[in-house]
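Engineer: Would you be able to build a 3D model of this:
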Amino acid sequence: MPAMNQYKCPCCGGAIAFDSTLQKMKCPYCDTEFEMQTLLSYDAALQQDAPDEIHWEENPGTQWQPGETEGMRVYVCNSCGGEIVCDENTAASKCPYCDNPVVMTGQFQGALKPDFVIPFKLDKNAAKAGLRQHFKGKTLLPRAFSNENHIDEVKGVYVPFWLFDADVNASIRYRATRTRHWSDRNYNYTETSHFMVTRGGQVSFDRIPVDGSTKIANDLTESVEPFNFAEAVNFQTAYLAGYLADKYDVTADQSVARANERVKTSAEQEFAKTVMGYETVVPENSNIQVFNGKAKYALYPIWLLNTTWQGKKYTFAMNGQTGKFVGDLPVDKGKLNKIRLLVGLGVAAAAFAVQYLLWLL
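Structural biologist: Have a look, this model is predicted:
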């Protein structure tokens, strides 16, 4: 069966049709009119749309050599089932993710050996100081939280990341608008011009990180980015001394979808920066072709802090290399209600003032 083309109005998204009286295409919803030549150019661009082509050559990590895992131990969390790797001298009494007790099960075995590691630069005291700094300037933070809460556990954890390198050919079409305003004695006018803008080219991505653990939320690990890979070194087990290392439970294959998402979003954002002179720019179609895609396996340093207040647990994370600190905080409902009340009173006062002025006129 032959394909049927349906033209969408770039202004409102409605289906447009040919108006024999105007000899133009017209949108029945917003009454926008289009010259036929304009739609021919638009149709030509649509015909060039193609699906993404993304392929990765995945060979991250290496096999452990005989004797390399001697002295390494595994702790298993009874609650979340996570496996945490450390050296034989590291004491681990609680899981750094869910704060529940862990049990040492014996010699480490299995999984791939990381290609790289970024060593910790900041110590436990810096993590505690980061938490105190995180409290500052938070107007709605309950005062008692910073005074009464206590840190249950502070653990330095090497979190597994898959690092994806890729070259990308991108062809992206944007919908852009430009608005003009003017007035006369009777009316105020607004004219919105719509443009189809295309961009294409090649961009390279190095070491796109994807968290290889399900035990720590992606939004938490991505929030402490970026890491400075220039300080990464070839992995050695000695870097684990005194720290924990999360054992990946998301493979490189399973991480490809997230890598694709980050590549596509980043490519669209980079090319959108070249679309200038418009008030709005929205990607309408993108064709991403990935080649020379490769993956590596690395451990990145993150401090995890678990703290309890009023029976609820709060987890914070700090980049063990740069000190970037993130984590959700409780809200003082009493303060929030006062602010809402003040805002409401302000709006009411402004409305009364406007009504009073209109009455005077």
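Engineer: Now do the same contact list for the closest residue to Val250 other than its chain neighbours.
Structural biologist: Nearest non-adjacent residue to Val250, counting by Cβ to Cβ, 6 or more residues apart in numbering: Gly212, 4.8 Å away. For the C-beta atoms, the positions are set from N, CA and C on the backbone; glycine is no exception. Gly212 is in contact with 159-162, 248-252, 255, 297, counting by Cβ atoms under 8 Å, 6 or more residues apart in numbering.
Engineer: Trp162 against Asp253, yeah?
Structural biologist: No. Trp162 is beyond contact range of Asp253, at 9.6 Å (criterion: Cβ atoms under 8 Å).
Engineer: Which one's more surrounded, those two?
Structural biologist: Relative neighbour count places Trp162 above the other of Trp162 and Asp253, with 28 against 11, counting by other Cβ atoms under 10 Å.
Engineer: Give the partner strands of whatever helix or strand that one lives in in its sheet and their orientations.
Structural biologist: For Trp162, the host element (DSSP states H and E) is strand 150-183. Using DSSP bridges, the strands paired with strand 150-183 are strand 188-211 (antiparallel), strand 244-246 (parallel), strand 280-309 (antiparallel).
Engineer: Tabulate these (TSV), appending mean neighbour count and distance to Phe135.
Structural biologist: Shown next, in TSV, are these (neighbours: other Cβ atoms under 10 Å; distance: least, Cβ to Cβ, whole Å):
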stretch	mean neighbour count	distance to Phe135
strand 188-211	15	26
strand 244-246	24	26
strand 280-309	19	11
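Engineer: mean pLDDT lowest for which of those?
Structural biologist: Here the strands paired with strand 150-183 differ in mean pLDDT, and the lowest is strand 244-246 at a mean of 82.
Engineer: following that strand, which helix or strand shows up next?
Structural biologist: Proceeding N to C from strand 244-246, the next assigned helix or strand is helix 252-272, under DSSP H and E.
Engineer: same for that following helix, what does it pack against?
Structural biologist: strand 57-58, strand 150-183, strand 188-211, strand 280-309 (3 or more Cβ pairs under 8 Å, 6 or more residues apart in numbering; DSSP states H and E).
Engineer: Can you check which of these gets nearest to Lys26?
Structural biologist: Smallest distance to Lys26 across the helices and strands packed on helix 252-272 (Cβ to Cβ): 14.6 Å, for strand 188-211.
Engineer: Output the helix or strand following that closest one as CSV, restricted to C-alpha atoms.
Structural biologist: Once the chain leaves strand 188-211, the next helix or strand it forms, by DSSP H and E, is helix 218-223. The C-alpha trace of helix 218-223 is given here as CSV (Å, rounded to 0.1, in the frame of the first residue of the first chain):
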residue,chain,number,x,y,z
ASN,A,218,21.9,7.1,38.6
ASP,A,219,20.8,10.7,39.4
LEU,A,220,23.0,10.6,42.4
THR,A,221,26.1,9.4,40.6
GLU,A,222,25.5,11.7,37.6
SER,A,223,25.0,14.7,40.0
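Engineer: buried ones in helix 218-223?
Structural biologist: 220-221 (16 or more other Cβ atoms under 10 Å).
Engineer: How far off centre is the following helix or strand past that helix?
Structural biologist: Counting by DSSP H and E, the next helix or strand C-terminal to helix 218-223 is strand 233-234. Taking Cα atoms, centre = their mean, to the nearest Å, one finds the center of strand 233-234 at 26 Å from the center of the full chain.
Engineer: Mind giving me the packing neighbours of strand 233-234?
Structural biologist: strand 116-117.
Engineer: Let me see the mean pLDDT of the strand it packs on.
Structural biologist: For strand 116-117, mean pLDDT rounds to 92.
Engineer: on contacts alone, who are the packing partners of the helix or strand following that strand?
Structural biologist: Heading C-terminal from strand 116-117, the first helix or strand you meet, by DSSP H and E, is helix 124-135. Applying 3+ Cβ pairs under 8 Å, 6+ apart, one finds that helix 124-135 contacts helix 143-148, strand 150-183, strand 280-309, strand 312-319, strand 325-326.
Engineer: For Glu68, grab the count of nearby residues.
Structural biologist: By other Cβ under 10 Å, the residues close to Glu68 number 14.
Engineer: Assumed it was part of a helix.
Structural biologist: No. Per DSSP: H, G, I helix; E, B strand; the rest coil, Glu68 lies outside any helix segment and is coil.
Engineer: so it makes contact with Phe235?
Structural biologist: No. Counting by Cβ under 8 Å, Glu68 stays clear of Phe235, with 9.8 Å between them.
Engineer: For these two, list the residues in contact with both.
Structural biologist: Residues touching both Glu68 and Phe235 comprise Lys113, with contact defined as Cβ under 8 Å, 6+ apart.
Engineer: what separates the closest residue to Phe34 other than its chain neighbours from Met196, distance-wise?
Structural biologist: The spatial neighbour of Phe34 that comes closest, neighbours along the chain excluded (Cβ to Cβ, 6+ apart), is Met25 at 4.3 Å. Computed with Cβ to Cβ, to the nearest Å, the distance linking Met25 and Met196 is 15 Å.
Engineer: what about Val326, how many neighbours?
Structural biologist: The tally of other residues near Val326 (other Cβ under 10 Å) stands at 17.
Engineer: what sits against it?
Structural biologist: Shown in contact with Val326 (Cβ under 8 Å, 6+ apart): 220, 223-224, 316-318.
Engineer: Could you do Phe116 as well?
Structural biologist: Counting by Cβ under 8 Å, 6+ apart, Phe116 touches 163, 229, 232-235, 296-299.
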